[in-house]
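K.L.:
Make a model of this:
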Amino acid sequence: MDKHRRLQLPTTVTSDLCLETGLDVGDGTRTMYRPGQRHSSYVYSVAQRFPDEWFGTIFVISPLLASLYGAKPKIRKSSARRNGICLYLNSRAIVLFKHKSLGLPVGECSRIASIPRFVRNVGEVGLQRFIEGFQYADGSFVGGTYPMYPFDDLERQA
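P.N.:
Residues are numbered from 1 along each chain as shown. Prediction:
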């Protein structure tokens with residue numbers, strides 16, 4: 001639990017956690033800054049296109065994050081130059097939970113994504129929800145010599 005924000009962290013792997021992890025792997029960022037370097041030292045964000053994804057952000061992703069973690073994320077347009085909308089949760093507990101408990105990387109991520117082990121262990125429903133979230137985040141699958149935008153290669157590692 002994040003003692004400052006009183007966030008809840010999932011104690012079991014649910015289909016909603018698998019869906020949110022798919023979104024995270026497709027478009028999420030987990031960043032830890034050195035103390036004093038930024039206002040918030042821990043940032044978890046998901047980026048979407050604006051205005052195409054505005055309704056999905058408001059009616060799907062924001063309620064999903066609120067139900068999983070008990071906190072409503074901040075939503076804002078990324079910038080005038082970048083056509084995007086971002087959701088932010090500034091929480092040390094969430095970043096460390098995703099990194100240490102779920103095994104997701106912190107900082108700059110590879111363009112080659114893989115299905116996390118905990119999703120593979122949950123079963124078919126968890127895997128389907130992960131893929132649903134990954135594709136919602138504009139992730140694509142590569143199955144040949146011609147990669148598709150945005151060049152994410154989701155490989156199933158045993």
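
K.L.:
Where in the chain is the helix or strand with the lowest mean pLDDT?
P.N.:
Ranked by mean pLDDT, DSSP states H and E, the weakest helix or strand in the chain is strand 42-49, scoring a mean of 68.

K.L.:
Could you pull up the mean pLDDT of the following helix or strand past that one?
P.N.:
For strand 42-49, the succeeding helix or strand toward the C-terminus, using DSSP states H and E, is helix 54-56. Helix 54-56 shows a mean pLDDT of 76.

K.L.:
Could you point out the helix or strand that follows helix 54-56?
P.N.:
Following helix 54-56 in sequence order, the next helix or strand is helix 62-69 (DSSP H and E).

K.L.:
Just the CA trace of that next one, in CSV.
P.N.:
Coordinates of the C-alpha atoms in helix 62-69 are reproduced here as CSV (Å, rounded to 0.1, in the frame of the first residue of the first chain):
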residue,chain,number,x,y,z
SER,A,62,-9.3,5.5,-16.3
PRO,A,63,-12.1,3.4,-14.5
LEU,A,64,-9.9,0.2,-14.9
LEU,A,65,-6.9,1.9,-13.2
ALA,A,66,-9.3,3.3,-10.5
SER,A,67,-10.7,-0.1,-9.8
LEU,A,68,-7.3,-1.9,-9.7
TYR,A,69,-5.4,0.7,-7.6
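
K.L.:
which secondary structure elements does it contact?
P.N.:
With contacts defined as 3 or more CB pairs under 8 Å, 6 or more residues apart in numbering; DSSP states H and E, helix 62-69 has these neighbours: helix 15-27, strand 84-89. Placement of C-beta: from N, CA and C, glycine included.
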